[in-house]
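> Need a 3D model of the sequence below.
(one chain, ligands or ions: 1)
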Amino acid sequence: MKTKFVYLSILLAFSLSGVNAAVPDCQSVVIGSGVAGMKAAMDLKDGGNKVCLIEKMPFPGGATNLAATYFVAVGTKEQKAAGKFILVDDYVARQKKMLPNVDVDKLKAQMLCSQKNLDYLNSLGANITRVLSDYQIGTADGTSLGSSIVKVMFKALKEKGVAFYPNTKALDLVLKNGVVTGVKVRSGNEEFVIPTKNVILATGGFAHNQKLVKKFAPEWAGLPTTTAVGSTGDGLEMAVEHGAKTAYTDVVRMNPSVHSENGVNSSLSAARAEGGIMVNLDGKRFCNDYYPDYTQLSRWLQKQKGSMAYIVIDNKAMKASKRLQGFKDKGYFLQADTLAELAKKMGVPPKALEETAKRYSEFVKNGKDLDFGRQHNLTLDFSQPPYYAVKTQPGIQVTLGGIDVNNNMQVIKKDGGFFPNLYAAGEVTYDGSFRPGPTAVGLYQGHIAAQNILRKSN
Ligand SMILES: Cc1cc2nc3c(=O)[nH]c(=O)nc-3n(C[C@H](O)[C@H](O)[C@H](O)COP(=O)(O)OP(=O)(O)OC[C@H]3O[C@@H](n4cnc5c(N)ncnc54)[C@H](O)[C@@H]3O)c2cc1C
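As a prediction, this is how the structure comes out:
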């Protein structure tokens, strides 16, 4: 197919100074090119809408690029074939038990689209077919979920000829009588307004903005984050400035295993997944190191001396994971041939670490963690030196709240009612839970917002 992809130069744009070279003709402006924004832009284009997708970074994808493992889908044919099948209603009931405040109708509506969402991504070539559980599916060859999604969606977007403006940052919304009439943007040294009839905010989360973390989720202020640098809450701030209502802004998904090195924050959760245990500076375990609620796990870790822990593994675990070997090559791991030697490098009492390892190996042998009830990946028997330890602390992975929206993804006003032509989709508007699957939620919400715009304009 001939590529009709348009990178619009800012010089062609509508300048605030009044110089009007060639005004981009946008019936709709989608702000942010993660999974939510790309889906919305493609659906709008398919529906004949003149859509402009703007992105402040030089490249697309945002935090979606970083989504590591699983796409949430329920009741799909892939899961049926793998014998890991649950009906949508049963899944929703299970969620309700875990999260009593969950909006059952919204969750059900999204989950009923599981097969459609999955088929859509796979029709573009994402290859998300490896069933991990009755609600999680990963890529067939284990490559990162997010980079696969961005790669295929961006390719499709180019083929459709969606007008994409990289390096173009939305600064503000222009409103008249409660109706959005344009988006003020900056690109290079130019600032200008793109007039439009509809705006979809798909600007992602705010974990990379300490000011907002302090304001909304002070419990986690000052900690590193593993999310994308562009996740600075721009859309949330813009909407709030114009009177939008927020919801669940205090809820974040923590990562209990962040290693920071030279300003780079990496998730070392794979070390726990390969069986690793967490020990504190006393050389002792302090919790179920594979507890599924990462935020609770992070709270336990925060209470340890120095608010940090080491994840300890042996060579068997290291050999099993390419991801961990990559981190080892970057020098993230301390390494020693004996546990006593490793303990010295870690600055923990050698005897304590040896005792911890001995006791844990017994638990592994008997299949029962008598101290903290760990059930998953109870495999580390310390039988293969060398031993490795990596220093970790908690960090924010995803912010789980933001702009409040109605069922059409229209932004709700703080004082009641909603903005008729202002929408939000994706991490900018999650409703307090990671479990519906951030990438799946973004895909679904981008679609709903676009469909609503198309319905209104036809
Ligand atoms: C380490 C990690 C692991 C994860 N693992 C998973 C997983 O296994 N499964 C899963 O489903 N989810 C996972 N997630 C979460 C998921 O990646 C994100 O929540 C989701 O992809 C966000 O999509 P989005 O489209 O809402 O936002 P993003 O993908 O963040 O896109 C937002 C875009 O908006 C742009 N933008 C922001 N402000 C402006 C502005 N003012 N003007 C123009 N552009 C702007 C940003 O640069 C960005 O490109 C993970 C996240 C992280 C960080």
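> Identify the residues contacting stretch 69-85?
86-88, 91, 111, 114-115, 117-118, 121, 128-129, 131-138, 144-145, 149, 435-437, 439-441 (CB atoms under 8 Å, 6 or more residues apart in numbering). Heads up, the C-betas are built off the backbone N, CA and C, glycines and all.
> buried sites along it?
69-76, 78-79, 82, 84-85 (16 or more other CB atoms under 10 Å).
> swap in stretch 379-391?
380, 381, 382, 385, 387, 388, 389, 390, 391.
> quick one: contacts for whichever residue of the stretch 1-150 of the chain sits closest to the ligand?
Nearest residue of the stretch 1-150 of the chain to the ligand: residue 34, at 2.0 Å (CB to the nearest ligand atom). By CB under 8 Å, 6+ apart, the contact list for residue 34 reads 60, 61, 62, 63, 64, 150, 202, 204, 426, 427, 442.
> got the residues you listed as JSON lines, with distance to the ligand, secondary structure and neighbour count columns?
Below are the contacts of residue 34 laid out as JSON lines (distance: CB to the nearest ligand atom, whole Å; DSSP: H, G, I helix; E, B strand; the rest coil; neighbours: other CB atoms under 10 Å):
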{"residue": "60", "distance to the ligand": "6", "secondary structure": "coil", "neighbour count": "22"}
{"residue": "61", "distance to the ligand": "6", "secondary structure": "coil", "neighbour count": "25"}
{"residue": "62", "distance to the ligand": "3", "secondary structure": "helix", "neighbour count": "31"}
{"residue": "63", "distance to the ligand": "3", "secondary structure": "helix", "neighbour count": "29"}
{"residue": "64", "distance to the ligand": "3", "secondary structure": "helix", "neighbour count": "28"}
{"residue": "150", "distance to the ligand": "8", "secondary structure": "helix", "neighbour count": "25"}
{"residue": "202", "distance to the ligand": "5", "secondary structure": "coil", "neighbour count": "33"}
{"residue": "204", "distance to the ligand": "3", "secondary structure": "coil", "neighbour count": "34"}
{"residue": "426", "distance to the ligand": "2", "secondary structure": "helix", "neighbour count": "35"}
{"residue": "427", "distance to the ligand": "4", "secondary structure": "helix", "neighbour count": "35"}
{"residue": "442", "distance to the ligand": "4", "secondary structure": "helix", "neighbour count": "31"}
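> Residue 184 belongs to a strand, doesn't it?
Yes - according to DSSP: H, G, I helix; E, B strand; the rest coil, the state of residue 184 is that of a strand.
> so what's it bridging to?
residue 172, residue 193 (DSSP bridges).
> shouldn't it be in contact with residue 171?
Yes - applying CB atoms under 8 Å, one finds residue 184 in contact with residue 171, separated by 4.8 Å.
> Who has more neighbours out of the two?
Shown here are residue 184 and residue 171; by other CB atoms under 10 Å, residue 184 has more neighbours (16 against 13).
> for the ligand, what are the nearby residues on the stretch 51-200 of the chain?
Contacts of the stretch 51-200 of the chain with the ligand, taken as CB under 6 Å from any ligand atom, map to 54-57, 61-64, 66-71, 145-146, 169-170.
> Mind doing that once more with 8 Å?
54-57, 60-72, 145-146, 149, 168-171, 185 (CB under 8 Å from any ligand atom).
> if we can go back for a sec, of the buried residues of stretch 379-391, just say which sits nearest to the ligand.
Nearest to the ligand out of the buried residues of stretch 379-391 is residue 390 (CB to the nearest ligand atom; 16.3 Å).
> name the element that closest one belongs to?
Applying DSSP states H and E as the criterion places residue 390 in strand 387-399.
> ditto for residue 120
Residue 120 belongs to helix 114-123 when assigned by DSSP H and E.
> overlap in contacts of residue 184 and residue 171?
Among the neighbours of residue 184, those also in contact with residue 171 (CB under 8 Å, 6+ apart) are residue 191.
> Spell out the residue ranges of the strands in the stretch 51-200 of the chain.
Assigned by DSSP state E, counting those that start in this stretch, the strands in the stretch 51-200 of the chain fall at 51-54, 71-72, 128-131, 136-139, 163-165, 169-176, 179-187, 190-195, 198-201.
> right, and those strands - which one's nearest residue 361?
Of all the strands of the stretch 51-200 of the chain, strand 136-139 sits nearest to residue 361, with 30.0 Å by CB to CB.
> As CSV, could you dump the C-alpha coordinates of that closest one?
Provided in CSV are the C-alpha atoms of strand 136-139 (Å, rounded to 0.1, in the frame of the first residue of the first chain):
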residue,chain,number,x,y,z
GLN,A,136,-3.3,-12.9,30.6
ILE,A,137,-1.9,-13.5,27.1
GLY,A,138,1.7,-12.7,26.1
THR,A,139,3.6,-12.6,22.8
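> Show me the two of the buried residues of stretch 379-391 that sit farthest apart.
Those two in the buried residues of stretch 379-391 that are separated most widely, counting by CB to CB, are 381 and 391, at 23.0 Å.
> can you list the residues of the stretch 351-458 of the chain near the ligand?
397-398, 425-428, 430, 434, 437-442, 446.
> Can you give me the neighbour number for residue 262?
Neighbour count of residue 262, defined by other CB under 10 Å: 6.
> which residues does it contact?
By CB under 8 Å, 6+ apart, residue 262 has no neighbours at all.
> Just the pLDDT for it.
For residue 262, the model assigns a pLDDT of 87.
> just residue 6 next, same as before
At residue 6, the pLDDT recorded in the model is 40.
> I'd like the average pLDDT over stretch 44-53.
Rounded mean pLDDT across stretch 44-53 is 97.
> May I see the buried residues of that stretch?
So stretch 44-53, judged by 16+ other CB under 10 Å, has buried residues 44, 45, 47, 49, 51, 52, 53.
> Doesn't the second one belong to a strand?
To tie it back to what came earlier, the one meant is residue 45. No - Residue 45: not assigned to a strand; according to three-state DSSP it is helix.
> my guess is it contacts residue 160, does it?
Yes - counting by CB under 8 Å, residue 45 does reach residue 160; the two are 5.1 Å apart.
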